[in-house]
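J.: predicted model and sequence follow; I will ask about them next.
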Amino acid sequence: MTRALTPYEERNEYYATIQLGRDVKAQTELISKQTRELVTTQLASANGIIASQERISEGIDEISYRIEDVAEGIYGLKAAFEWGIDEVVWQIEQNREVLKNILEAITKPLDTQAKELRRRAEKAYANGWIDDALEDFLESEKKNRYDFVVHISLGHIYLFHEHNNAKALEYYQKAVKYARPESSYYTSYALIHMAFIKYLEKQVEEAERYTKEAIQLSPDFTEALYRNAQYNAILCKVDKAIPSLERAIKIDVNYCEKANNEKEFDEIKADVKKLFEKLRREERNKVDSRYKNFREKLNVFNDLKTQVEPEDITTAVNTELGSSIQRVDTLIQRNSYRDYLEAGKILSKAESLIVEEISGLQKKVQHETKEKTKIATRYKKLREMLNLFNDLKSQVEAEDITIVANTKFETSIRRVDSLIQRNSYRDYLEARGILSETEESLAQEISNLQEKVHHKKEECSFSMSDLKQKQETTLRPFFWFLYVLPLVSYLLYVIIRPEGREGIGSLIFVLIVLAIPVLNLIVWIVTMIMEKNIFLWIMTIVCIAGYWMIRALPAHRISSNIKIYSAKIRRLERIEKISRDIERGLGCGS
């Protein structure tokens, strides 16, 4: 009579080729590949609340587990785990780095013989030499009773091959004892296997207790959560089954189909459906809220788009955002949990994209606004400099300096005015180019003007110097009239006056008067007034007449011309100063 298959011997078709073997990498890749068929099979009978018919028809779900996930063992497989591939998954588990590090620590004190026994047992197990593996593992246990990995392997052999539940439970208990100080996860791993044995023996309450302990040690261990929900469903403890199932589903949505298809949940089917409805409602509310926020950001994005050039918005961004909105609208209309989950992911990605684009556009708008302000300020400064230049031209022309008028300035200014009024960044850039050209032209004009002014100033300085020399020559007769003549007259008067001025005192006085021209004139005038001598009066009239004669001579005109040249030089210096101010202004503008 054929023995009925136990749950761990039952294996779905998609896992039929998964067997123990030495090539762990190949096993990992094969399981990853087969999980696609697993999830596809489950989706085909999915509840409409969980997956819409359109979604099932599309077959677009991420319906396989990555190789990296499978390499994490039960923890990474999540809903794809089945008891039928437990031994193979355990073989994969032993290649995890975290477990290798733990094993290195607990086997370090062992001698070479103990380590060799362990390696030999693992090789035998991988090759399916179960009797040899059992013998070597038992010997290895004697060498190192604290090696919980050996205990788990012995538990698997007794459970799956020897069909000795009691022995299997004993070794899983040892694994729990010795794994607890080293790893919460592997303690939980052993606990869910203890729970499975209790479930097989119809001791469901004990099974539930072990899974509860496993959850306390590893809260995100989905298989522990799911098995706890399963056992509580059998016990009709809805208040415990539903929260555990909900936590498992939120980590891996594929538990929805798994729970919907497994008979253990039949007694609480209505409550499971309510959970599905609750999950769908919550996800719908999250999507609605996120979609609203996304729309607000999209409005900000569209406003920013109007402030920059069309080519600044990449076609790919517009296309992706447009397709995202269209896809989300479609998914929302389908009204299933999985569709809402996908909508949430799309919105999350689109929101990240639009936030990045908004940030980039804001920086661009800020940069463009700053550049526009700089260009506008530069334009204003150039207008001021051009006004100064036009005023300067009239002053220069008054000084008989010829300059060629540059008609391009007015044309350039009108063009820049027109471009700035358009208020687009591209027009501002064109305006900046025109401003640069105009500034260069104006700077050249100023340079030419300065050269001409400098040349004119040198001419004036030379002419004024020449006039001063002529003035000095021309004014000598004036010296004789105003200095020598009064002195001679006074000396004659001293000599011919009736009283006479004899003696050394008169001679000293005369020498003093000679040495100080100002005293000469003063003494003469005072003497004339006091002496009331006709000779002095006659000489006074002669001096005054001579003075007015000299004023009528060219010396006076020379003096006037010198003043004219001096004033002209001052005006030219003012022109030079204004031109330097314009040069500095152009330097600030650029």
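T.: All right, it came through fine. Numbers count the residues shown, from 1 in each chain.
J.: for the longest helix along the chain, packing partners?
T.: Taking DSSP state H as the criterion, the chain has its longest helix at helix 337-398. Counting contacts by 3 or more Cβ pairs under 8 Å, 6 or more residues apart in numbering; DSSP states H and E, helix 337-398 is packed against helix 269-305, helix 315-334, helix 408-422, helix 425-474, helix 554-589. C-beta: built from backbone N, CA, C; applies to glycine.
J.: any chance of the ones you listed in JSON lines with distance to Ser140 as columns?
T.: Shown next, in JSON lines, are these (distance: least, Cβ to Cβ, whole Å):
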{"stretch": "helix 269-305", "distance to Ser140": "44"}
{"stretch": "helix 315-334", "distance to Ser140": "54"}
{"stretch": "helix 408-422", "distance to Ser140": "85"}
{"stretch": "helix 425-474", "distance to Ser140": "76"}
{"stretch": "helix 554-589", "distance to Ser140": "86"}
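J.: one step back: any idea of the mean pLDDT in the longest helix of the chain?
T.: Mean pLDDT, helix 337-398: 83.
J.: can you check stretch 195-212 too?
T.: 95.
J.: cool, and stretch 121-136?
T.: On average, stretch 121-136 scores 89.
J.: and if you look at stretch 152-170?
T.: On average, stretch 152-170 scores 93.
J.: what comes up buried for that stretch?
T.: By 16 or more other Cβ atoms under 10 Å, the buried positions in stretch 152-170 come out as 152-161, 165, 168-169.
J.: again, but for stretch 411-424
T.: 412-413, 416, 419-420.
J.: can I get these in a markdown table with distance to Cys256 and pLDDT?
T.: Formatted as a markdown table, the buried residues of stretch 411-424 follow (distance: Cβ to Cβ, whole Å; pLDDT from 0 to 100):
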| residue | distance to Cys256 | pLDDT |
| --- | --- | --- |
| Ser412 | 72 | 84 |
| Ile413 | 72 | 82 |
| Val416 | 67 | 84 |
| Leu419 | 62 | 85 |
| Ile420 | 62 | 84 |
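J.: export these to CSV and tack on distance to Tyr255?
T.: Formatted as CSV, the buried residues of stretch 411-424 follow (distance: Cβ to Cβ, whole Å):
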residue, distance to Tyr255
Ser412, 73
Ile413, 74
Val416, 68
Leu419, 64
Ile420, 64
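J.: list the buried ones in stretch 424-438?
T.: Neighbour-count burial for stretch 424-438 flags 425, 427-428, 431-432, 434-435, 438 (criterion: 16+ other Cβ under 10 Å).
J.: next: stretch 328-348.
T.: 328, 331, 334, 336-344, 346-347.
J.: want to try JSON lines for those, with distance to Ser447 as columns?
T.: Putting these into JSON lines (distance: Cβ to Cβ, whole Å) gives the following:
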{"residue": "Val328", "distance to Ser447": "65"}
{"residue": "Leu331", "distance to Ser447": "70"}
{"residue": "Arg334", "distance to Ser447": "75"}
{"residue": "Ser336", "distance to Ser447": "78"}
{"residue": "Tyr337", "distance to Ser447": "78"}
{"residue": "Arg338", "distance to Ser447": "76"}
{"residue": "Asp339", "distance to Ser447": "74"}
{"residue": "Tyr340", "distance to Ser447": "73"}
{"residue": "Leu341", "distance to Ser447": "73"}
{"residue": "Glu342", "distance to Ser447": "70"}
{"residue": "Ala343", "distance to Ser447": "68"}
{"residue": "Gly344", "distance to Ser447": "68"}
{"residue": "Ile346", "distance to Ser447": "64"}
{"residue": "Leu347", "distance to Ser447": "63"}
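J.: so how far is Glu410 from Ser418?
T.: 13 Å (Cβ to Cβ, to the nearest Å).
J.: please apply the same query to Leu217.
T.: For Leu217, the distance to Glu410 equals 86 Å [Cβ to Cβ].
J.: and if you look at Pro243?
T.: Plainly put, Pro243 is 82 Å away from Glu410 if you go by Cβ to Cβ.
J.: who has more neighbours out of these two?
T.: Using other Cβ atoms under 10 Å, the more surrounded residue of Pro243 and Glu410 is Pro243, with 15 against 12.
J.: domain parsing for the protein?
T.: Taking automatic domain parsing as the domain assignment, the record places the domains of the chain at 1-88, 96-182, 283-369, 376-465, 474-579.
J.: for Asp581, state which of the buried residues of stretch 152-170 is nearest.
T.: Distance to Asp581 across the buried residues of stretch 152-170 (Cβ to Cβ) is lowest for Ile152, with 90.8 Å.
J.: need the contact list for the closest one.
T.: Each residue near Ile152 by Cβ atoms under 8 Å, 6 or more residues apart in numbering is listed here: 90, 171-172, 175, 186, 189-190, 193.
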